[in-house]
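Need a 3D model of the sequence below.
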Amino acid sequence: MCWMCNEKAGLIGSPERRRFLKTAGVFGAALATGSVSLATSANAQQSPIPKNEIDGSDALKRLVDGNKRYVEGSVSPVDFASTREALAAGQNPFAAILGCSDSRVAPELTFDTGRGDLFVVRVAGNVVTTEGLASLEFCVDVLGTQLIMVLGHERCGAVKAAISSVQSGNQFPGHIQDLVDLMRPPVEKAQAEKGDILKNAIMANVLWGVKGLQQASPILSKHFADGTLKVVGGVYDLETGKVTLVT
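Predicted coordinates for the structure are as follows:
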């Protein structure tokens, strides 16, 4: 059984949620392209930045190279004017990032990218939610992006909260507990491992997201199986800015 159908994950198992994803995808495509079909190909729109039409492996290399420049402090000069007019007509990001909402981690800066280069979905704890999944489906199926990175970071407060909930039974107010519950499976897995529980849980949570996106049907799983989508994980170091790939 797909991990997303697992009761612990509780993301898109029900028919109601599957219907929502279908509706959300069609609606997003209609907004972006003027079409009512999610199956609209990225090739149907003129690419504003042709250099972004690269496969998953080349896209990952570009992220790694950009992060290296960021860590070294040799980032590229910002020039919004050169792409503003082109991007007004459309977008074709070369990578998508599912990242934490933490204000200290900004993907566009972390990977030394320009405006229009990254399709970023952010939520505390970089977890896969229904809405986030729908957004990534749009990015892959309509915009043609072939790389998704799940980006966690050290000392993540959301993961700390999940650890507290698992270990002490703490319950958090409002909708915070709903978010924490999505991280319960990777935290429980990390508890059985040797070493620092927080570091282990952060890595386990990233890998949980990677696996979930690879298996997310019907859209991402098909692209992953066809070899037109690469899904990887990374952990950001708050002190150095370096992103370490995790597998």
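
Three-state assignment for the residue nearest to L147 when sequence neighbours are not counted, please.
Using CB to CB, 6 or more residues apart in numbering and skipping the chain neighbours, the partner closest in space to L147 is A59 (3.8 Å). Glycine gets a C-beta too; all of them are placed from N, C-alpha and C. Three-state call for A59 (DSSP: H, G, I helix; E, B strand; the rest coil): helix.

Against C156, how distant is A59?
Distance from A59 to C156, counting by CB to CB, to the nearest Å: 25 Å.

circling back to that earlier point, can you report how many residues neighbour the residue nearest to L147?
Neighbourhood size, A59 [other CB atoms under 10 Å]: 24.

do the same with S221
Neighbours of S221 using other CB under 10 Å come to 16.

Any regions of the chain where pLDDT drops low?
Flagging of the chain using pLDDT under 70 yields the residue ranges 1-46.

Which residue is most remote from the mean position of it?
S168 (29.2 Å; CA atoms, centre = their mean).

Ramachandran coordinates for that one?
Main-chain dihedrals, S168, degrees, to the nearest 10: phi -120, psi -10.

Tell me where the chain has helices.
Using DSSP state H, the helices of the chain run over residues 15-33, 56-72, 81-87, 107-110, 130-141, 157-168, 176-182, 184-191, 197-214, 219-226.

looking at those helices, which is closest to G241?
Relative to G241, the nearest member of these by CB to CB is helix 56-72, separated by 5.0 Å.

Name the residues that touch that closest one?
54, 75-76, 94-95, 109-113, 145-147, 149, 228-230, 232, 240-243, 245 (CB atoms under 8 Å, 6 or more residues apart in numbering).
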